[in-house]
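In: Show me how the following folds:
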Amino acid sequence: MAAAEEAVVFGPYSIRASEQVFASTELSLALVNLKPVVPGHVLIIPKRVVLRFQDLDPQEVTDMWMLAQRVGSKLEPHFDASSLTFAIQDGSAAGQTVPHVHIHILPRKFGDFEKNDEVYDKIEEHAEMLKEKLDLDKERTVRTPAEMAEEAAQLRALLQ
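Out: Numbers count the residues shown, from 1 in each chain. Have a look, this model is predicted:
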């Protein structure tokens, strides 16, 4: 990572802001996803590393959800979706594997999953993938930094 490039901390991971961050507020960031479940699957995180939702302060909760609302309102038409799924896995028993609160936003279309709730299985598979340190042989492919940076640039422009 270039010395001048801003690094963003997501749990134990350090990521390049230019490759994944497409929107920010005083307290939150919107990130493109390394291994999206559906096209447009993004994450909203607090800038402060916080393990559990209950540990966020009220301003962080408000800020994250306001950013999630703003991002979702742009993602849905951009990805020709008809709905959105917003999800948080809060704690390891709920499937959280990255120890940093995050909101998943998934643009949804009718028929994108045979059974609607299968989306949660896919999100959990994504979490397991991170736990397994990026096993590249799984069903969904890991995107390159260039692919993520390209999507981040498109979404950055969309949210201007």
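In: By residue count, what's the longest helix in this structure?
Out: When the chain is parsed with DSSP state H, its longest helix is helix 58-78.
In: Let me see the mean pLDDT of that one.
Out: What helix 58-78 shows for mean pLDDT is 98.
In: Tell me the buried residues in it?
Out: Residues of helix 58-78 classed as buried under the neighbour-count rule (16 or more other C-beta atoms under 10 Å) are 60-61, 63-64, 67-68, 71-72, 74-76. (C-beta placed from N, C-alpha, C; glycine too.)
In: Off-centre distance for it?
Out: Centre-to-centre, helix 58-78 and its host chain are 12 Å apart (C-alpha atoms, centre = their mean, to the nearest Å).
In: any idea of the pLDDT on Q96?
Out: 89.
In: how much space is there between the nearest residue to it once chain neighbours are set aside and Q69?
Out: Taking C-beta to C-beta, 6 or more residues apart in numbering, and ignoring the residues beside it in sequence, Q96 has Q89 as its nearest neighbour in space, at 4.1 Å. Distance, Q89 to Q69, by C-beta to C-beta, to the nearest Å: 20 Å.
In: okay, now D57: neighbour count?
Out: 12 (other C-beta atoms under 10 Å).
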